[in-house]
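Student: Fold the following.
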Amino acid sequence: MKRFAIYAVLLLLIICPLISACSKKDGEETKGAIDEMTDHAAEVAVEKIRTPIKQAEAARKLEEERVKKADEALEDE
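Tutor: Alright, predicted model coming up:
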């Protein structure tokens with residue numbers, strides 16, 4: 001019986017640290033310099049792609065407004 005108690009205590013001493021070690025979550029990892037540079041380069045590339053698209057959309061809206069005003073002027077006559 002004494003031997004069983006010793007093995008039980010040893011087993012608990014081994015299992016408890018293992019369980020607590022596995023349950024801990026790592027903190028948020030900070031981005032490295034390479035990741036930050038990659039993210040910045042991606043943002044710049046996206047902005048360079050979006051700028052002409054936004055300009056084209058603005059030009060299309062202006063053209064639609066101009067055509068609409070011209071149609072209204074023709075209808076009034």
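Student: Which element, helix or strand, includes the residue most central in space within the chain?
Tutor: The centroid of the chain falls nearest to Asp39 when counting by Cα atoms, centre = their mean (10.5 Å). Secondary-structure assignment from DSSP states H and E places Asp39 in helix 33-76.
Student: do Ser20 as well
Tutor: Using DSSP H and E, Ser20 sits in helix 2-23.
Student: Can you give the distance from that helix to the centre of its chain?
Tutor: 42 Å (Cα atoms, centre = their mean, to the nearest Å).
Student: And it, what does it pack against?
Tutor: Applying 3 or more Cβ pairs under 8 Å, 6 or more residues apart in numbering; DSSP states H and E, we find helix 2-23 packed against no helix or strand. Any C-beta I mention is one placed from the backbone N, CA and C, and that applies to glycine too.
Student: Let me know the average pLDDT across it.
Tutor: In this model, helix 2-23 has a mean pLDDT of 79.
Student: ok, Asp35 - how many residues close by?
Tutor: Using other Cβ atoms under 10 Å, Asp35 has 11 neighbouring residues.
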